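In: next input, structure requested:
(one chain, ligands or ions: 1)
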Amino acid sequence: TTIATRGRTLAFPDGFIWGAATAAYQIEGAASEDGRGPSIWDTFSRTPGTTVGGHTGETACDHYHRYPADVSLMEELGLEAYRFSVAWPRVQPSGSGAVNAAGLDFYERLVDELLEAGISPYVTLYHWDLPQALEDAGGWTNRDTAYRFADFSRIVYDRLGDRVATWMTVNEPWVSAFLGYGMGVHAPGRTSSAEAFRAAHHLLLAHGLSVRSLRDAGAREIALTLNLVPVLTPGQLNDPSLVLSAQDAEAVDRVDCLVNRQFLDPALRGTYPDQVLNIVERIAGLGHIHDGDLKAINQPIELLGINYYTPCVVRSGPGEPANPAYPGTEDIEFTGAYAPTTATGWPIVPTGLSELLVRLARDYPEVGLLVTENGAAFDDVVSDDRVHDADRTAFLEGHLRAAHAAIEAGADLRGYLVWSLLDNFEWAEGYTKRFGIVHVDFDTQRRLLKDSARWYREVIQRNGLWRERTRRPTLEEVA
Ligand code: PNW
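Out: Numbers count the residues shown, from 1 in each chain. I've put the predicted structure just below:
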């Protein structure tokens, strides 16, 4: 890829895709309307003590009713792509069998509205809202759920496949498995490391079976979306060329295997790393990994979706218990990074994105890359109908510069989707963490473009950044 320098513009490649992302349960609301069945996030968020303030996605951004105005907003921003997810329990209220026509109708209306506005729909088939009936039968710890997901994928494809070009299977299986079944901080709120590993494998199997059924039906562009995390030591944060001790190198490799390669390798190479198999065997046994599964998981795909927020900083720590989110990490210290943080407390490390992209391009050269999520929560303040979220703009600019550097280093990065279009239901954090480039007043449902959205619109228009860093406003301009 060659990138032209156009005057003062730091240009992205021609055809680079600019967009934004959301997920069904985080924005739709209308949780009990038009025949939608309950999902594990309805059950979980209605359980006292699970989400901040007891918040649920019952109403969220009311996008289910307001989608035409929301698509107009996207058009106003000049978005070229919009990634959203299909709520499985809207389409199949009990996760298998009967199809709810009203559910499919909604996504058809949304897709048509997007196409009319010239925006490409990017469809995620699973963004965490498992039908409760399937959870009652074991959820992702039950192998059968993977087969049900392949059926559901086909049902959605059959309705929208003539209009949707890009299909994403499961979003962030690591989060579903380890925060949902291991730590219990996400739905379904179970706390078993063994179940988390089984869930992870079945989510991968679901991906593979879904790719197969989408492909059979004619899908041409299919992606797996992973939360990918550069893993490094505190020393490497300051000096990337630092040579690690054998113990620190082992700590980094083990965490990298658990969070990244546990998913990348099966999907893109058809293997589990030995380090992962050893840990899975010790904690969960290997009985749930059947002959032929890795072959089923390793289906050719066109795109890898990368959700990047923050790196994972670790070093050797003899005697440390395992981090509950990462079973198998005994004797490793999770130090965190000494860096400014966002409102979720996540350190801001834009170079993590370039390192990640360059590494993926090197280790998995066959697959195209797409940033499917990147963004940040900050404590926004509305005044005079404006949100001066300079911190978010700086976050996005820093990460886009990092993405640009990775492209220059040869990474086949096709596009960038900001998380998120709208402030929304941020899972366990409820509505207290705002990731949107568009502000939402959850009392009135009024939308307001933040300064970051206006900035992003200009970036899209010029297909690039400014050579010089965005000028900070003077005090007078802020006043
Ligand atoms: C991702 N963690 O979730 C999801 O794909 C989005 O739905 C979500 O809104 C976004 O990132 C921001 O959080 C994550 O605690 C949630 O490690 C939690 C974690 C990671 C990703």
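In: C-terminal to the helix or strand encompassing residue 394, what's the next element?
Out: In this assignment (DSSP states H and E), residue 394 forms part of helix 390-408. Scanning forward in sequence from helix 390-408 by DSSP H and E, the next helix or strand is strand 413-419.
In: list of residues touching whichever helix or strand comes after that next one?
Out: Next helix or strand after strand 413-419 toward the C-terminus (DSSP H and E): strand 438-440. Strand 438-440 is contacted from outside by 61, 73, 380, 382, 387, 421-424, 446-450, 453, using Cβ atoms under 8 Å, 6 or more residues apart in numbering. The C-beta positions use only the backbone N, C-alpha and C, and glycine is treated the same way.
In: still on that earlier bit, can you show me the CA trace of the helix holding residue 394 as PDB?
Out: Taking C-alpha atoms only, helix 390-408 is exported to PDB below (Å, rounded to 0.1, in the frame of the first residue of the first chain):
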ATOM      1  CA  ALA A 390     -10.900  17.400  23.500                       C
ATOM      2  CA  ASP A 391      -9.700  14.400  25.400                       C
ATOM      3  CA  ARG A 392     -11.600  12.000  23.200                       C
ATOM      4  CA  THR A 393     -10.500  13.800  20.000                       C
ATOM      5  CA  ALA A 394      -6.900  13.500  21.200                       C
ATOM      6  CA  PHE A 395      -7.400   9.800  22.000                       C
ATOM      7  CA  LEU A 396      -8.800   9.100  18.500                       C
ATOM      8  CA  GLU A 397      -6.200  11.200  16.800                       C
ATOM      9  CA  GLY A 398      -3.400   9.400  18.600                       C
ATOM     10  CA  HIS A 399      -4.700   6.000  17.700                       C
ATOM     11  CA  LEU A 400      -5.300   7.000  14.100                       C
ATOM     12  CA  ARG A 401      -1.700   8.200  13.800                       C
ATOM     13  CA  ALA A 402      -0.700   4.800  15.200                       C
ATOM     14  CA  ALA A 403      -2.900   3.100  12.600                       C
ATOM     15  CA  HIS A 404      -1.300   5.200   9.900                       C
ATOM     16  CA  ALA A 405       2.200   4.300  11.000                       C
ATOM     17  CA  ALA A 406       1.200   0.600  10.900                       C
ATOM     18  CA  ILE A 407      -0.100   1.000   7.300                       C
ATOM     19  CA  GLU A 408       3.200   2.600   6.400                       C
END
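In: burial count for the residue of the stretch 1-150 of the chain found nearest the ligand?
Out: For the stretch 1-150 of the chain and the ligand, the shortest gap (Cβ to the nearest ligand atom) falls at residue 23, measuring 4.8 Å. For residue 23, the count of nearby residues is 25 (other Cβ atoms under 10 Å).
In: please apply the same query to residue 335.
Out: So residue 335, with other Cβ under 10 Å, has 14 neighbours.
In: list the contacts for it?
Out: Remark: with contacts taken as Cβ under 8 Å, 6+ apart, residue 335 is in contact with 234, 313-315.
In: which SS class is residue 125?
Out: For residue 125, the secondary structure call by DSSP: H, G, I helix; E, B strand; the rest coil comes out as strand.
In: same check, this time on residue 209
Out: Using three-state DSSP, the secondary structure recorded for residue 209 is helix.
In: next, count neighbours for it.
Out: 22.
In: wait, it touches residue 146, no?
Out: Yes - the pair formed by residue 209 and residue 146 meets the contact definition of Cβ atoms under 8 Å, at 5.6 Å.
In: about what we covered before: list just the nearest of the contacts of residue 335 to the ligand.
Out: Within the set of the contacts of residue 335, residue 313 lies nearest the ligand; the separation is 13.5 Å, counting by Cβ to the nearest ligand atom.
In: what's the distance between the closest one and residue 451?
Out: With the distance defined as Cβ to Cβ, to the nearest Å, residue 313 ends up 30 Å from residue 451.
In: now residue 223
Out: When Cβ to Cβ is applied, the distance between residue 223 and residue 451 equals 31 Å.
In: the more surrounded of the two?
Out: Ranked by neighbour count (other Cβ under 10 Å), residue 223 and residue 451 place residue 223 first, with 25 against 17.
In: excluding residues flanking it in the chain, which one is nearest the more buried one?
Out: Spatial nearest neighbour of residue 223, excluding adjacent residues (Cβ to Cβ, 6 or more residues apart in numbering): residue 303 at 3.7 Å.
In: beta partners for the one you found?
Out: According to DSSP bridges, the residues that bridge with residue 303 are residue 223, residue 368.
In: please renumber the chain so that the first residue is 105 from this point on.
Out: New numbering, starting at 105: the last item is residue 407.
In: residue contacts, residue 225?
Out: The contact partners of residue 225, by Cβ under 8 Å, 6+ apart, come to 185-186, 188, 214-215, 218-219, 264, 267-268, 270.
In: which SS state does it fall under?
Out: Classification of residue 225 using three-state DSSP returns strand.
In: show the model's pLDDT score for it.
Out: With respect to pLDDT, residue 225 scores 99.
In: could you give the bridge partners of it?
Out: Each beta-bridge partner of residue 225 is listed here: residue 186, as defined by DSSP bridges.
In: distance of it relative to residue 253?
Out: 20 Å.
In: kindly report the same for residue 553.
Out: Distance, residue 553 to residue 253, using Cβ to Cβ: 36 Å.
In: the more surrounded of the two?
Out: For residue 553 versus residue 253, the count of surrounding residues by other Cβ under 10 Å is larger for residue 253: 28 against 19.
In: neighbours of the closest residue to the more buried one other than its chain neighbours, how many?
Out: Spatially, and ignoring its direct neighbours in sequence, residue 253 is nearest to residue 310 (4.1 Å; Cβ to Cβ, 6+ apart). Neighbours of residue 310 under the rule other Cβ under 10 Å: 26.
In: try residue 489
Out: The local packing of residue 489 (other Cβ under 10 Å) involves 9 other residues.
In: not counting its neighbours along the chain, what's nearest it?
Out: Nearest in space to residue 489, with sequence neighbours left out and distances taken as Cβ to Cβ, 6+ apart, is residue 552 at 6.3 Å.
In: surely the one you found and residue 486 touch.
Out: Yes - at 6.8 Å, residue 552 and residue 486 qualify as touching, with contact defined as Cβ under 8 Å.
In: need phi/psi at residue 115.
Out: The phi/psi pair for residue 115 (degrees, to the nearest 10) reads phi -90, psi 150.
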